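K.L.:
Please find the sequence and the predicted model below.
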Amino acid sequence: MPRPLSRVTERTAGRGADAWVLHARAKAAKARGEDVIVLSVGDPDMDTPAFVVDAAVAALRAGDTHYTENLGREPLREAIAARHARLSGEPVTAAHVAVASGAQNALYIAAHLLLEPGDHAVLVDPAYVTYPAVFGATGAAVSYAEQPAETGFRFDAERIRAAIRPETKVLAFANPNNPTGVTFTADDLAAIAALAEAHDLWVIADEVYGDLVFERPFVPAASVPALRPRLLSLGSFSKAFAMTGWRCGYMVAPPHVVEATGRLAVAMLYGLPGFIQEAALAALLGHGAVEAEMRAIYRRRRDLAVAALADVPRLSAEQPEAGMFMMLDVSATGLDGDRFAAALYEREKVSVLDGAAFSDLCRNHVRLSFAVHDDELLEGCARIRRFVAGLNAGPGDGNSPT
Ligand SMILES: Cc1ncc(COP(=O)(O)O)c(C=O)c1O
């Protein structure tokens with residue numbers, strides 16, 4: 001028997017892996033042509049805009065198939081810097097930008113640049129599903145600053161302060177949050193800056209849903225000047241440009257951090273494909289038009305889903321302020337998120353994600369995605385209504401899923 005694998009394999013096991021089993025089943029059934037509605041994942045149903053695809057095809061035809069610069073091509077880094085400067089007011093240049101294989105890869109690099117065994121990181125909870133594995137892989141200890149369900153998972157600086165220890169080096173969060181859609185205000189970010197300065201923390205702000213904030217302008221972390229010297233902002237083309245499969249994201253950080261990123265990027269990435277970078281550059285040169293259209297689509301779907309589920313007895317639909325997901329509190333049905341999701345799929349062939357995949361705080365919630373066409377979303381909501389109506393009256397009276 002060969003010697004065991006490294007402990008990184010255990011540290012990346014993560015929580016909530018089971019929740020994806022149902023999603024995988026639903027996706028496979030849909031692929032077989034079954035009448036299944038998949039509301040369990042945040043992969044936009046829209047095609048990548050044609051002009052973006054055209055840019056990639058043209059680059060490929062022109063022979064753009066070679067190794068590229070590790071931190072990304074200069075024109076793309078410049079365009080990302082210009083966009084970041086426009087949205088946050090932070091005067092950055094290409095030297096502040098590292099391109100990565102999705103925000104996910106940027107997050108992994110960021111965590112490993114900053115953390116090692118003996119360090120401690122605080123993650124705002126609920127946290128995106130991959131965070132436990134990403135931060136766990138560094139070997140650092142991780143604490144979760146719980147933003148409880150009772151307050152709608154709102155930002156609570158006190159809970160973050162309480163999680164900070166002398167060895168804490170990093171505070172990380174997704175803003176807007178996945179799964180809750182909670183989006184920090186300028187005051188929330190000022191409180192984060194005060195904590196970061198007082199405890200000398202690095203801050204990782206995952207802003208992949210920053211273009212999908214509905215009612216008010218998004219406030220990026222970089223708009224708080226005190227945060228800038230200690231901030232790694234992560235962005236992505238996945239959501240706002242419907243480019244999940246292209247795997248293009250980036251980090252904006254102080255130049256010495258970006259320089260160090262280059263060394264890790266050589267070790268693990270070796271440059272993002274050139275034709276993908278050309279497509280990303282074309283997307284940015286659309287100057288906000290695609291993002292505005294996507295924002296309008298998700299806002300309309302959010303409103304449709306909230307209206308369709310608002311008066312379903314024993315279901316509490318929380319209106320998200322951003323993103324492509326809605327949380328449903330299912331506790332009054334007598335089921336937790338896991339059992340609700342399983343029974344809903346068995347009876348109505350609608351897949352949603354158990355909230356526990358993100359956090360124990362969400363164990364009585366399921367997450368529903370708007371990344372499907374309006375008609376499908378409405379049919380999914382109608383099936384959820386019918387499913388809840390068919391359940392017995394209250395908690396503890398036999399709603400066990402079959
Ligand atoms: C909060 C959050 N961060 C990061 C990612 C990964 O984004 P990317 O596709 O850019 O790697 C996702 C994807 O769903 C996400 O929801």
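P.N.:
Structure received. Just so we're clear, the structure is a prediction, and the values are computed from it rather than from any experiment. Numbers count the residues shown, from 1 in each chain.
K.L.:
What is the neighbour count of Lys77?
P.N.:
Let me fix one detail, which is that residue 77 is Arg and not Lys. Counted with other CB atoms under 10 Å, residues neighbouring Arg77 total 25. Yep, even glycine has a C-beta here, placed from its N, CA and C like the rest.
K.L.:
Now do the host helix or strand of it: everything it contacts.
P.N.:
Element membership for Arg77 (DSSP states H and E) is helix 74-88. Residues from elsewhere that reach helix 74-88, judged by CB atoms under 8 Å, 6 or more residues apart in numbering: 71-72, 90-94, 96-99, 210, 218, 220-223, 233, 235, 250, 252, 277, 280-281, 284-285.
K.L.:
Keep only those of these that are in helices.
P.N.:
Members of the contacts of helix 74-88 lying in helices (criterion: DSSP state H): Gln277, Ala280, Leu281, Leu284.
K.L.:
What is the nearest of the residues you listed to the ligand?
P.N.:
Closest approach between the ones in helices among the contacts of helix 74-88 and the ligand, by CB to the nearest ligand atom: Ala280, at 11.1 Å.
K.L.:
coming back round to it: please convert the ones in helices among the contacts of helix 74-88 to TSV, extending it with distance to the ligand, pLDDT and neighbour count.
P.N.:
Shown next, in TSV, are the ones in helices among the contacts of helix 74-88 (distance: CB to the nearest ligand atom, whole Å; pLDDT from 0 to 100; neighbours: other CB atoms under 10 Å):
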residue	distance to the ligand	pLDDT	neighbour count
Gln277	14	98	25
Ala280	11	98	27
Leu281	16	98	21
Leu284	15	95	20
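K.L.:
from those, which single one is nearest Asp125?
P.N.:
Set against Asp125, the nearest of those by CB to CB is Ala280 (31.3 Å).
K.L.:
my read: the closest one touches Gly249, true?
P.N.:
No - the pair Ala280 / Gly249 is not scored as a contact, 9.2 Å apart, by CB atoms under 8 Å.
K.L.:
Identify the contacts common to the two.
P.N.:
Joint contacts of Ala280 and Gly249 (CB under 8 Å, 6+ apart) are Val99, Phe237.
K.L.:
Hmm, Phe184 is touching Ile192, no?
P.N.:
Yes - between Phe184 and Ile192 a contact is recorded at 7.4 Å, counting by CB under 8 Å.
K.L.:
Name the residue in those two with the higher neighbour count.
P.N.:
More crowded of Phe184 and Ile192, by other CB under 10 Å: Ile192, with 26 against 22.
K.L.:
Could you report the separation of that one from the ligand?
P.N.:
To the ligand, Ile192 is 17 Å away according to CB to the nearest ligand atom, to the nearest Å.
K.L.:
Pull out the buried residues from whatever helix or strand that residue lives in.
P.N.:
Assigned by DSSP H and E, Ile192 belongs to helix 186-199. Neighbour-count burial for helix 186-199 flags Asp188, Leu189, Ala190, Ala191, Ile192, Ala193, Leu195, Ala196, His199 (criterion: 16 or more other CB atoms under 10 Å).
K.L.:
Just flag the most distant two among the residues you listed.
P.N.:
Greatest spatial distance in the buried residues of helix 186-199: Asp188 and His199, 16.8 Å, computed using CB to CB.
K.L.:
can I get the buried residues of helix 186-199 in a markdown table with pLDDT?
P.N.:
A markdown table is the format used below for the buried residues of helix 186-199 (pLDDT from 0 to 100):
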| residue | pLDDT |
| --- | --- |
| Asp188 | 97 |
| Leu189 | 98 |
| Ala190 | 98 |
| Ala191 | 98 |
| Ile192 | 98 |
| Ala193 | 98 |
| Leu195 | 98 |
| Ala196 | 98 |
| His199 | 98 |
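K.L.:
Val213 versus the residue of the chain found nearest the ligand, what's the distance?
P.N.:
Nearest residue of the chain to the ligand (CB to the nearest ligand atom) works out as Gly102 at 2.6 Å. According to CB to CB, to the nearest Å, Gly102 stands 21 Å off from Val213.
K.L.:
go on, Val124?
P.N.:
Relative to Val213, and taking CB to CB, Val124 is found at 17 Å.
K.L.:
Compare the two (neighbour count), which wins?
P.N.:
Val124 (27 against 21).
K.L.:
the helices in the stretch 101-250 of the chain, which residues?
P.N.:
Secondary structure of the stretch 101-250 of the chain (DSSP state H, counting those that start in this stretch): helices at 102-114, 131-137, 157-163, 186-199.
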